[in-house]
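Engineer: This is a predicted model, with the sequence first.
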Amino acid sequence: MAAELDAVITEAGVLDNRPLSAATRLLVLDCPAVARAATPGRFVKLRAWPGPEENLGGPLLDRPFSIHRAEGGQLSLLYRIVGPATRLLSEVSPGAQVRLTGPLGRGLPEALTRRSGLYLVAGGIGLAPMALARDWLASAGGQATLFYGERTAAAQVEESWLKTWAGQDWVATVEDGSGYGRPGLVTEPLAQALQREARPIFACGPWPLLAAVANLARRYSAPALVSVEAGMACGLGVCLTCSLPLAVGGRFRACQEGPVVDALAVDWGAA
Amino acid sequence: MALDLTVKLGPLTLKNPVMTASGTFGYGLELKKFCPPELLGAVITKGVSLTPWPGNPGPRLAETAGGMLNAIGLQNMGLEAFVQTALPPLKAAGATVVANILGHSPEEYGRLAARLALTAVDMIEVNVSCPNVVCGGLAIGAEPSAVAEVAGAVRESCGAKPFMVKLTPQASDVVAVALAAETAGATAVSLINTLPGLAVDLERRRPRLANIIGGLSGPAVKPVALKQVWQCASALTIPVVGLGGITSARDALEFILVGAAAVQIGTATLVDPRAPLTILDNIRQWMLKEGLDDLSQLRGALKIG
């Protein structure tokens, strides 16, 4: 069954849009209507350029972004400049308006026992949904350990900013050994932690990372939830572009049945 | 001034000329919060086949300049699930429903039409862009004779239901195909379906869609659509329903100016689910501004020479 559509379409005022690495930005929006209903793992679609009806060119489709944080009527999104649309977004200044549709999709299940804590696993811009997940756990006395991996130092977000929300309990990795944290892959400290204590996992990042997390979850009998990514047009369940394969056969929509799904439900060998 | 926006497609009267294009409005109720289907001229539902189709592997989407390529592969719930579960609540909501159908042979189309003839659907739209399994995989809609066969099979099976044939811009002579549909008894034709296209990832040296080829839609296709709608509307006596890259009331009115009886909104709805209603409202505003009380004064009024 599809998630109940509680999204709104609204204009949101930009409060901040600041760099946290060469290509990473934190966008803070004044948007009580969406912030109120935001839960960890849900997403919004956003447009920071003219709509096609204005006949001015620019990207046709809105872009989906995980909700990074929601508090006091403010909604923040952590994003990476990867193409023309995110470049346009990075040029938006405080005081401007963007169009937001959300919150969309399914996030972490309400029924999750928050007190048993979570290992939060972020690959690259997969860091985006982790702050809200951590806030949500903390509000129920649950412990969050963050594992944050990047390829290079240039990609890493500012360490001082990470500490402002991740607290003390986090491990960073950097593949080429050039930045802060441990050299190597994020799955290495995760595997060690799972060996000590098989806590539930919430992971977000590239497909190969999520596939590796699914393998670790199976090996250590740890429940694992993953936030998947797929090219998406409508975000509302009708276009079927963001369809991904299920392990049992058949497919699911990242925007409707996801983006947060059980790692073992996904067919990681297909696409 | 009281505006009359009604449109007649054979025996069927639409409240207004704005419909949803198949595949962009689900089975009609998913987006009702943003676009109540009963306010539209008609809802054209996601194409259904005799049995459910699983669709293509992903990636299924690639954005291109002014448009998007999709390769969904006509994934759908199948005819019986549509009739039993999707159609009743959509009719109960007060929507005018056009059921879009997909098949691989005239026989399949005939069976789909025969089943829908026994339901509350108001009209059938026949998608002829699928490969023809009987004739070597070419799109049925590319050949006038194949379209005539499919339209004839639907005509024989659909009872009193009106039906329109949704034409593909792949035909080398779209007017010949449209005339074949008319001669075979179609109530109307609609065009254009998506244009086949390719997008590639230069660095990875790979196609961007798993299916390699996808269907192009959005503003980029509008001039192609406008030209083919104009040609068909000029040549046919049955109504022509126009679609292809309509994102504004002005776009919609341009299709009516070149002869379209009504229009369908597709990709614009994926960008903003309110688009069909916004376009309808702005058509009304434009008519008031221009002092038109119905669209017959604009329809086909393109001045040539």
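Structural biologist: That came in fine, so what should we check first? These figures come from a predicted structure and were not determined experimentally.
Engineer: longest single strand anywhere in chain A?
Structural biologist: In terms of residue count, the longest strand belonging to chain A (DSSP state E) is strand A:8-19.
Engineer: CA atoms of the helix or strand just after it as CSV?
Structural biologist: Sequence-wise, the next helix or strand downstream of strand A:8-19 (DSSP states H and E) is strand A:24-30. What follows is strand A:24-30, C-alpha atoms only, in CSV (Å, rounded to 0.1, in the frame of the first residue of the first chain):
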residue,chain,number,x,y,z
THR,A,24,28.2,20.3,-0.3
ARG,A,25,25.7,22.9,0.8
LEU,A,26,23.3,23.3,3.7
LEU,A,27,20.0,24.9,2.6
VAL,A,28,17.9,26.2,5.5
LEU,A,29,14.3,27.0,4.7
ASP,A,30,11.5,28.8,6.5
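Engineer: For the very next helix or strand once past strand A:24-30, which residues meet the burial criterion?
Structural biologist: Per DSSP H and E, strand A:24-30 leads on to helix A:32-35 as the next helix or strand towards the C-terminus. In terms of neighbour count (16 or more other Cβ atoms under 10 Å in any protein chain shown), helix A:32-35 has its buried residues at A:33, A:34, A:35. C-beta here means a position set from N, CA and C on the backbone, and glycine is covered the same way.
Engineer: Spell out which parts of the stretch 201-305 of chain B neighbour chain A.
Structural biologist: Contacts of the stretch 201-305 of chain B with chain A, taken as Cβ under 8 Å from any Cβ of the partner chain, map to B:210, B:218-219, B:247-248, B:251, B:267-275, B:278.
Engineer: near chain B, which residues of chain A?
Structural biologist: A:2, A:5, A:7, A:9, A:51-53, A:55, A:57, A:59-62, A:230-234, A:236-245, A:250-251, A:270-271.
Engineer: Out of those residues, which sit inside strands?
Structural biologist: A:9, A:243, A:244, A:245, A:251.
Engineer: Quickly list what the second one is bridged to.
Structural biologist: It refers to residue A:243. For residue A:243, the beta-bridge partners under DSSP bridges are residue A:253.
Engineer: One more: the first one?
Structural biologist: For residue A:9, the beta-bridge partners under DSSP bridges are residue A:101.
Engineer: Just give the number of residues close to it.
Structural biologist: If you count neighbours by other Cβ atoms under 10 Å in any protein chain shown, residue A:9 ends up with 17.
Engineer: Against which helices or strands is the helix or strand where residue B:251 lies packed?
Structural biologist: Assigned by DSSP H and E, residue B:251 falls within helix B:249-257. Here helix B:249-257 touches helix B:222-235, strand B:262-265, helix B:275-290, going by 3 or more Cβ pairs under 8 Å, 6 or more residues apart in numbering or on different chains; DSSP states H and E.
Engineer: how does chain A divide up, domain by domain?
Structural biologist: Split into domains by automatic domain parsing, chain A comes to A:8-104, A:114-265.
Engineer: can I get these in a markdown table with mean pLDDT?
Structural biologist: Shown next, in a markdown table, are the domains of chain A (pLDDT from 0 to 100):
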| stretch | mean pLDDT |
| --- | --- |
| domain A:8-104 | 97 |
| domain A:114-265 | 96 |
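Engineer: could you dump those to TSV with distance to residue B:256?
Structural biologist: What follows is these, written out as TSV (distance: least, Cβ to Cβ, whole Å):
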stretch	distance to residue B:256
domain A:8-104	17
domain A:114-265	26
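Engineer: Residue 59: neighbouring residues, count only.
Structural biologist: Here I'm looking at chain A. Using other Cβ under 10 Å, residue A:59 has 22 other residues around it.
Engineer: ah, no, chain B please
Structural biologist: Neighbours of residue B:59 (other Cβ under 10 Å): 23.
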